[in-house]
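Engineer: let me see the structure of the following:
(chains A, B and C)
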Amino acid sequence: MHIVLQQLDGARVRVVHLEDRPTSSGEPPPVSETTIPRADLAAFVRRLEAEPNPPRWVWDDTTLWYPALLAVGVRVARCVDLRLSHNLLRNAAFTADSALATAPAGPWDEVLDPRVAQRAEAVGTLFDLDLPGGERDPVAEFTLQRDAVDGATPQGRSQLGLLLAAESAGALIATEMTFAGLPWDAEAHDRILADALGPKVPPGVRPAKLAAVLEEVKAALGVQELSPESPGELLKALQRAGINATSTRQWELQEIEHPVIEPLLRYKKLSRLLTANGWTWVETWVKNGRFRPTYVPGGVVTGRWASDGGGALQLPHQVRGAVLADEGWRFVVADAAQLEPRILTAMSGDRAMADAGRGVDLYQGMVDVGAVDTRPHAKIAMLGAMYGATTGESGRLLPRLTRAFPRAIEFVETAARAGERGERVSTRLGRTSPLPGETWREIQSAASMEGANAAATQRARMEARSWGRFTRNFVVQGTAAEWALCWMAGLRTRLQALAAETVGPAAALTESAHLVFFLHDEIVVHCPEHQTERVVALVREAAAEAGRLIFGTAPVEFPVTTAVVTSYADAK
DNA sequence: TACCCGCGCCAC
DNA sequence: AAACGTGGCGCGGGTA
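Structural biologist: As a prediction, this is how the structure comes out:
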């Protein structure tokens, strides 16, 4: 059962019940339609969610509907996020011939103004908002989407079905994680800052320890004045001191022998801490003991999540000591070990690599089967193969890797060559890469014209290789993102069941174990101390299930490492 | 003053 | 060791 919701003008919500489609008949599914006062929506959803088989809610955009429900303690088990699904189906190779994909761009292709979603979150209700694309009919759109999926091959149907479900589950999880927030101890954060930088100072003032390091830098350079925050000025100062640097990047500077380098790198590290995650960051982002960033499911072209605000997906290890569980609670931190190489193993069906991945450490396994000599080499070689490295150590190790794991390497090479020809590639579940832009095509055709000069040819090859590196990585990174979504969705369902069992069917999100953070291949569950063992088991169950869902019986394992900690800093 | 872009660094 | 994928974000320094 699906229930489509649409906000109408005035104080009403359109509610359309759709039965599941019969498997093979052209009969339109039975429909019943009504409207309810918007003030009654939360109670309506709550009532249906309490029934044995709750519906799948179909709405235009989870960020517009779900915060208001969570704010009054209503959770939903499943949804269809039409905007995310539309985006997938418009571009998917599986549905390229569908009416949905071949229609001109319409209101469902418009990007939602993030300010609207943010207001929905802040106000806790979407009903005062002036929503865009007022003529968007979710029932018509949902029908088009189901037609598109039904028109795909049987394989396409099942894979896309899983992808759409996972993507929509991700939308629910993202909203729930913002609602719950990541526990953040502002005082612990202040202590970390004071240790590193000295006592708190107002914005614009250089903290004592940072100022002291600057004095060391100036002394080593023999200058009276220096603003290291200005790369241009810093570079000139270094050159005046006889240092042949072409930039002020860390990796270039650390190769140089000079007394200024050590204090300068120390200065940069501290300065980064101050500007990116200093006192201003805490004041801006930590409220009532929680950090609540906005997560953006599907925000990355490969299907990874992006985030908006506070740099949520780039929290430095340096400040993770401020992420502290509530009294009597713990974090269960779980990490999928070497996820991307394992994804590549499963996609390519490389038996030798599957053998190497039998244990928890795939890279060590590659050493043990005699493919490479050391674990660091295994890691560098694998990452290089997935990113398209050609030079340096990765490049040198690639031939060995190709000999040991021919099918895995052939798989990414094939994806790269497709990209170099300007073709699209798809993930396991059917997310399809975009086509290169107009400029790219012009560069390629200019090079293939008669009498094209060497520079044009060179440019075209460079651009082709670059797009090939993108498609090479897309298939692996994108499929890893799909695995992670399935993992997290499976865990969410299990945590919801655990909450119903231990607290009761109407348990609020934060009364029981719940997800608070997600970082591409890592999840953090905030969890009452006595539940940690059960949660660890659920995390492992969900990982095994994700592998089965996406790859069936392929002989590839997806081990997860888990840690039960009070401080996120202790997880790794 | 508001915006834009390159630089540099954080995460995976 | 150094150039090979996806991002967010703060800064300096430029321009409208």
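
Engineer: can you give me the domain assignment for chain A?
Structural biologist: A:1-180, A:186-283, A:340-479 (automatic domain parsing).

Engineer: among those domains, which is nearest residue A:534?
Structural biologist: domain A:1-180 (18.8 Å; CB to CB). Just so you know, the C-beta spots here come from the backbone N, C-alpha and C atoms, and that holds for glycine as well.

Engineer: the top helix by length along chain A near DNA strand C anywhere?
Structural biologist: In chain A, taking DSSP state H as the definition, the longest helix is helix A:454-502. Yes: using CB under 7 Å from any atom of the strand, helix A:454-502 reaches DNA strand C at A:466, A:469-470, A:473-474, A:477.

Engineer: what are the pairing partners of the helix or strand following that helix, and which direction each?
Structural biologist: Going down the chain from helix A:454-502, the next helix or strand is strand A:514-518, by DSSP states H and E. Each strand paired with strand A:514-518, and its direction, by DSSP bridges: strand A:522-528 (antiparallel).

Engineer: about what we covered before: now find how far off-centre the longest helix of chain A is within its chain.
Structural biologist: Helix A:454-502 has its C-alpha centroid displaced from the chain centroid by 8 Å (CA atoms, centre = their mean, to the nearest Å).

Engineer: that helix relative to strand A:522-528, how many degrees between them?
Structural biologist: Interaxial angle, helix A:454-502 versus strand A:522-528 (axes from the mean of the first three to the mean of the last three CA atoms, to 10 degrees): 20 degrees.

Engineer: ok, residue A:559 - how many residues close by?
Structural biologist: 19 (other CB atoms under 10 Å).

Engineer: was I right to think it contacts residue A:358?
Structural biologist: No: between residue A:559 and residue A:358 there is no contact under CB atoms under 8 Å: 9.7 Å.

Engineer: hmm, back to that, export the domains of chain A as CSV, with columns for mean neighbour count.
Structural biologist: Output for the domains of chain A, formatted as CSV (neighbours: other CB atoms under 10 Å):
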stretch, mean neighbour count
domain A:1-180, 17
domain A:186-283, 15
domain A:340-479, 18
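
Engineer: for residue A:312, find the nearest of those domains.
Structural biologist: domain A:1-180 (9.3 Å).

Engineer: quick check: end-to-end length of that closest one?
Structural biologist: End-to-end span of domain A:1-180 (CA to CA, to the nearest Å): 29 Å.

Engineer: average pLDDT for that domain?
Structural biologist: Throughout domain A:1-180, pLDDT has a mean value of 88.

Engineer: most widely separated two among the residues of helix A:454-502 next to DNA strand C?
Structural biologist: Maximum distance among the residues of helix A:454-502 next to DNA strand C (CB to CB): 15.9 Å, for A:466 and A:477.

Engineer: who are the contact partners of the closest residue in space to residue A:338 that isn't next to it in sequence?
Structural biologist: Spatial nearest neighbour of residue A:338, excluding adjacent residues (CB to CB, 6 or more residues apart in numbering): residue A:362 at 4.2 Å. Residues near residue A:362 by CB atoms under 8 Å, 6 or more residues apart in numbering: A:337-338, A:341-342, A:345, A:353, A:356, A:378.

Engineer: follow-up on the earlier one: what is the nearest of the residues of helix A:454-502 next to DNA strand C to DNA strand B?
Structural biologist: residue A:477 (7.9 Å; CB to the nearest atom of the strand).

Engineer: thinking again about what came up before, how about the backbone phi and psi for the residue nearest to residue A:338?
Structural biologist: phi -60, psi -40 (degrees, to the nearest 10).

Engineer: which pLDDT value goes with it?
Structural biologist: Looking at residue A:362, the pLDDT reads 96.

Engineer: and it, how close does it get to DNA strand C?
Structural biologist: 17 Å (CB to the nearest atom of the strand, to the nearest Å).

Engineer: kindly report the same for residue A:502.
Structural biologist: 35 Å.

Engineer: can you list the residues of the stretch 301-450 of chain A near DNA strand B?
Structural biologist: A:311, A:313-318.

Engineer: 6 Å instead, please
Structural biologist: A:313-314, A:316-317 (CB under 6 Å from any atom of the strand).

Engineer: now the buried members of those.
Structural biologist: residue A:313 (16 or more other CB atoms under 10 Å).

Engineer: in CSV, could you pull the C-alpha coordinates for the helix or strand harbouring residue A:282?
Structural biologist: According to DSSP H and E, residue A:282 maps onto helix A:279-285. The C-alpha coordinates for helix A:279-285 follow below in CSV (Å, rounded to 0.1, in the frame of the first residue of the first chain):
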residue,chain,number,x,y,z
TRP,A,279,35.4,28.6,19.1
THR,A,280,33.4,30.2,16.4
TRP,A,281,32.5,26.8,15.0
VAL,A,282,31.3,25.6,18.4
GLU,A,283,29.2,28.7,18.9
THR,A,284,27.7,28.4,15.4
TRP,A,285,27.0,24.7,15.3
